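Asker: Turn this into a model:
(chains A and B)
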Amino acid sequence: MSSTTASAALPAGPKATGPGKSEKPLSPLRAKRRRQFAQWGFIAPAVIFMALFFGYPLVRNIAMSFQDYSPSTFFTGEAPFNGLDNWRNVFGDGLFGKALWQTILFTVGSLVGQFCIGLALAVFFSRRFPLNGILRSLILLPWLVPMVVSGIVWRRIFDQDTGVLNSFLGTLGLGGDTPWLTSTSMALISVILVNIWIGIPFNMVILYGGLQEVPKELHEAAALDGASAWRTFRSVTLPVLKPVITVVLVLGFMSTVKILDLVLALTDGGPADSTQTLGTLTYQNSFVQMDFGAGAVVGNVLILISAVFAVFYLRANRNEGK
Amino acid sequence: MATTTQIPAAPAPATVHRSRRRWGATVLGVVFLAVMLFPLYWMINTALQPDASLVDVAPVPKTLDLSGFSSALTEQGANLLTSLAVALGAVAICLAISAPAAYGLAQFNLRGGKTIVFGTLITQMVPGIVIANALYSAYVDLGLVNSYFGLMLADASLGIPFAIVLMRSFMVSIPREVIEAAEVDGAGRVRTFVRVVLPMSRNSLITAGLFSFLYAWSDFMFALTLNTTDDVKPITLGIYQYIGAHVGDWGSVMAASVLSAVPAAVLLVLSQKYIAAGITGGSVK
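Answerer: Numbering: from 1, shown residues only, chains lettered A, B, ... in the order given. Next comes the predicted model:
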């Protein structure tokens, strides 16, 4: 980056040096400084980028939550500070509590479903059988498709009158007119079901990786002791898998709690706000109502929740890494 | 489990028994896969019969009707190209920023390096909508709203922390002697990085690039929030607005969905090992 580092590397010659300016011996301290300076050149762009795209928004969001934004703010550029007004308004509105509760239900429901099915599939694919590898990688597809697209496909499947799910259930004689996305009692459950579907591959892959690390001898020893398969799984596999399980759950939590794409594509938060979560509420406040102050308040709550779990993640990571 | 069968009376029946059991697992695996992939199958199936009365979408298309695809291409083709351009730009920015950083954090013993690695992990936890919330007004001030470059930058932010963590964990294992040898030969730091470190880290570069592409391609949130006009409209945003306008025309919507899912499918087929490595490597390590 600096001129000293871009020295030309001549292939031949024991020491290919000319009477260049860099010949002057530097004091050791200055040389070290210079070296470190050049080394920081590698890292600086990333640090600047992350400061702008992560650090700045974090700080800015806190400031915004104390400012009064209105649609005209973006013409006038004026967003006067209004103290705790935004916080009072957001917390005083019943919708916040509702969104918070629905976020909890959504997150817990999704995690339990994703994890259990993902683990079951991981155990299943840990057995050796023909075509295992191909089947295992194809199961990743739902995770790779853009989430908003998955949401739209499922919206079609869930359609009350013309969707394939209801017509299938009807053929089986199991009703067949469930209002999956259009009733306030079913919509959240449906959204959770889709998110479970999306999350299964991720859980499966990481847990599968974890299962490969479980030493075979442990299983053999358990088998010699006459332990049943279930007992072996519970007392041998699960404990060894625990760090991986922590990581899977925390990462799953982080990606679920802030969900936006999926809900917008499936229900737009409706019907009657029955699928509104903290993520969609932030979006609604800021980009639909154009009240960025209110959006920032909800966003800050989201950050706070994420921060608590980030601590879990980092602790899990530390135990894993060393 | 499968190996603890009865006393082998004769080797042949036992093997037959075992292999039958194994194929049984394959059948079960196919069933699981079919259930998991059914929605994607249904997407393709619906896309291929746009004119069928949509009350009754046949389980299998009787005739291949590509009109859904042709109308999707006419209306969404430009958005697909936008997605491609934005995603490739995001990958370029992401790799250009994160590869040197990963190298620096892996190999230089700089004071504060640990803090940066820590910060990188933390940034992965910041909810995207929070970033969009604050970024929007900054983008308005900087004139980056409705611009390709603005969206590329925002989308690059989805991949950068992940790419740094992933590549760093790889570059840590490059032996110091290799780098020192290059430097003794007279190569400068930049040259060593480009000629020695990058080629050695090829696999992790591919994995990081692949994931930052997928992140950017799938991005909906930044596309939705950082664009107020139709100037820059990736396919994800295009499809979302499409269902608002053409609720009846599911054939075209599904065809557009299929097209938007093609990169994922292609990448999965071409580079399954990188994808599996990326999912596990970037998170567990």
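
Asker: Determine which residue lies closest to the centroid of the chain.
Answerer: This is for chain A. When chain A is reduced to its mean C-alpha position, the closest residue under CA atoms, centre = their mean turns out to be residue A:255, at 2.4 Å.

Asker: look at chain B instead
Answerer: residue B:214 (2.3 Å).

Asker: mind exporting the helix or strand containing residue B:223 as CSV, just the C-alpha atoms?
Answerer: Residue B:223 belongs to helix B:221-225 when assigned by DSSP states H and E. Coordinates of the C-alpha atoms in helix B:221-225 are reproduced here as CSV (Å, rounded to 0.1, in the frame of the first residue of the first chain):
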residue,chain,number,x,y,z
MET,B,221,-34.7,-6.0,3.0
PHE,B,222,-32.1,-3.5,1.7
ALA,B,223,-33.7,-3.6,-1.7
LEU,B,224,-37.0,-2.8,-0.1
THR,B,225,-35.8,0.0,2.2
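
Asker: So which elements touch that helix?
Answerer: helix B:128-142, helix B:148-171, helix B:235-245 (3 or more CB pairs under 8 Å, 6 or more residues apart in numbering or on different chains; DSSP states H and E). C-beta coordinates here come from the backbone N, C-alpha and C atoms, glycine included.

Asker: would CSV of those with distance to residue A:169 be doable?
Answerer: As requested, these are exported to CSV (distance: least, CB to CB, whole Å):
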stretch, distance to residue A:169
helix B:128-142, 35
helix B:148-171, 38
helix B:235-245, 24
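
Asker: I'd like those helices as a markdown table, with mean neighbour count appended.
Answerer: Below are those laid out as a markdown table (neighbours: other CB atoms under 10 Å in any protein chain shown):
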| stretch | mean neighbour count |
| --- | --- |
| helix B:128-142 | 21 |
| helix B:148-171 | 24 |
| helix B:235-245 | 20 |
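
Asker: between the ones you listed, which one is nearest to residue A:290?
Answerer: Of all the helices and strands packed on helix B:221-225, the one in closest proximity to residue A:290, counting by CB to CB, is helix B:128-142 (10.2 Å).

Asker: Going by neighbour count, list what's buried in the host helix or strand of residue B:35.
Answerer: In this assignment (DSSP H and E), residue B:35 forms part of helix B:11-47. For helix B:11-47, burial by neighbour count (16 or more other CB atoms under 10 Å in any protein chain shown) applies to B:22, B:25, B:29, B:32-33, B:36, B:38-40, B:42-43, B:45-47.

Asker: out of these, who's near chain A?
Answerer: Contacts with chain A within the buried residues of helix B:11-47, counted by CB under 8 Å from any CB of the partner chain: B:22, B:25, B:29, B:32-33, B:36, B:39-40, B:42-43, B:46.

Asker: Heading C-terminal from the host helix or strand of residue B:70, find the next helix or strand.
Answerer: Using DSSP H and E, residue B:70 falls within helix B:67-107. For helix B:67-107, the succeeding helix or strand toward the C-terminus, using DSSP H and E, is helix B:113-123.

Asker: packing partners for that next one?
Answerer: Counting by 3+ CB pairs under 8 Å, 6+ apart, the packing neighbours recorded for helix B:113-123 are helix A:28-50, helix A:292-321, helix B:67-107, helix B:148-171.

Asker: Next, work out how far apart the closest residue to residue A:300 other than its chain neighbours and residue A:94 are.
Answerer: Distances taken as CB to CB, 6 or more residues apart in numbering or on different chains put residue A:65 closest to residue A:300, at 5.5 Å, once the chain neighbours are dropped. According to CB to CB, to the nearest Å, residue A:65 stands 19 Å off from residue A:94.

Asker: Tell me which of the two has more neighbours.
Answerer: Higher neighbour count among residue A:65 and residue A:94: residue A:65, with 23 against 8, using other CB atoms under 10 Å in any protein chain shown.

Asker: So residue A:47 is in contact with residue B:116, correct?
Answerer: Yes. Under the criterion of CB atoms under 8 Å, residue A:47 makes contact with residue B:116 at 6.3 Å.

Asker: what is in contact with those two at once?
Answerer: Common neighbours of residue A:47 and residue B:116, counting by CB atoms under 8 Å, 6 or more residues apart in numbering or on different chains, are residue B:101.

Asker: Could you give the average pLDDT over the helix holding residue B:35?
Answerer: What helix B:11-47 shows for mean pLDDT is 83.

Asker: Can stretch B:227-246 be said to contact chain A?
Answerer: Yes. Stretch B:227-246 lies within reach of chain A by CB under 8 Å from any CB, at B:235-236, B:239-240, B:243.

Asker: Measure how far that stretch is from the centre of its chain, please.
Answerer: 20 Å (CA atoms, centre = their mean, to the nearest Å).

Asker: tell me the mean pLDDT for that stretch?
Answerer: If you average the pLDDT values across stretch B:227-246, you get 87.

Asker: Provide the backbone phi and psi angles at residue A:53.
Answerer: The phi and psi values for residue A:53, taken as degrees, to the nearest 10, are phi -100, psi -10.

Asker: what separates it from residue B:139, distance-wise?
Answerer: Relative to residue B:139, residue A:53 is positioned 11 Å away (CB to CB).

Asker: Confirm residue A:272 sits in a helix?
Answerer: No. With DSSP: H, G, I helix; E, B strand; the rest coil as the criterion, residue A:272 is assigned coil and is not in a helix.

Asker: How far off centre is stretch B:262-281?
Answerer: That offset, for stretch B:262-281, works out to 8 Å (CA atoms, centre = their mean).

Asker: Show me which residues of that stretch are buried.
Answerer: Within stretch B:262-281, the residues that count as buried by 16+ other CB under 10 Å are B:263-264, B:267-268, B:272, B:274-281.

Asker: Using PDB, write out every CA atom in that stretch.
Answerer: The C-alpha trace of stretch B:262-281 is given here as PDB (Å, rounded to 0.1, in the frame of the first residue of the first chain):
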ATOM      1  CA  VAL B 262     -32.000 -20.900 -10.300                       C
ATOM      2  CA  PRO B 263     -28.700 -19.500  -9.000                       C
ATOM      3  CA  ALA B 264     -29.200 -21.300  -5.700                       C
ATOM      4  CA  ALA B 265     -29.800 -24.600  -7.500                       C
ATOM      5  CA  VAL B 266     -26.900 -24.100  -9.900                       C
ATOM      6  CA  LEU B 267     -24.500 -23.100  -7.100                       C
ATOM      7  CA  LEU B 268     -25.600 -26.100  -5.100                       C
ATOM      8  CA  VAL B 269     -24.900 -28.500  -7.900                       C
ATOM      9  CA  LEU B 270     -21.600 -27.000  -8.800                       C
ATOM     10  CA  SER B 271     -20.200 -26.400  -5.400                       C
ATOM     11  CA  GLN B 272     -21.900 -28.500  -2.800                       C
ATOM     12  CA  LYS B 273     -18.700 -29.000  -0.800                       C
ATOM     13  CA  TYR B 274     -18.100 -25.300  -0.500                       C
ATOM     14  CA  ILE B 275     -21.700 -24.700   0.600                       C
ATOM     15  CA  ALA B 276     -21.500 -27.400   3.300                       C
ATOM     16  CA  ALA B 277     -18.100 -26.000   4.400                       C
ATOM     17  CA  GLY B 278     -19.500 -22.500   4.500                       C
ATOM     18  CA  ILE B 279     -22.500 -23.400   6.600                       C
ATOM     19  CA  THR B 280     -20.500 -25.200   9.200                       C
ATOM     20  CA  GLY B 281     -17.200 -23.300   8.900                       C
END
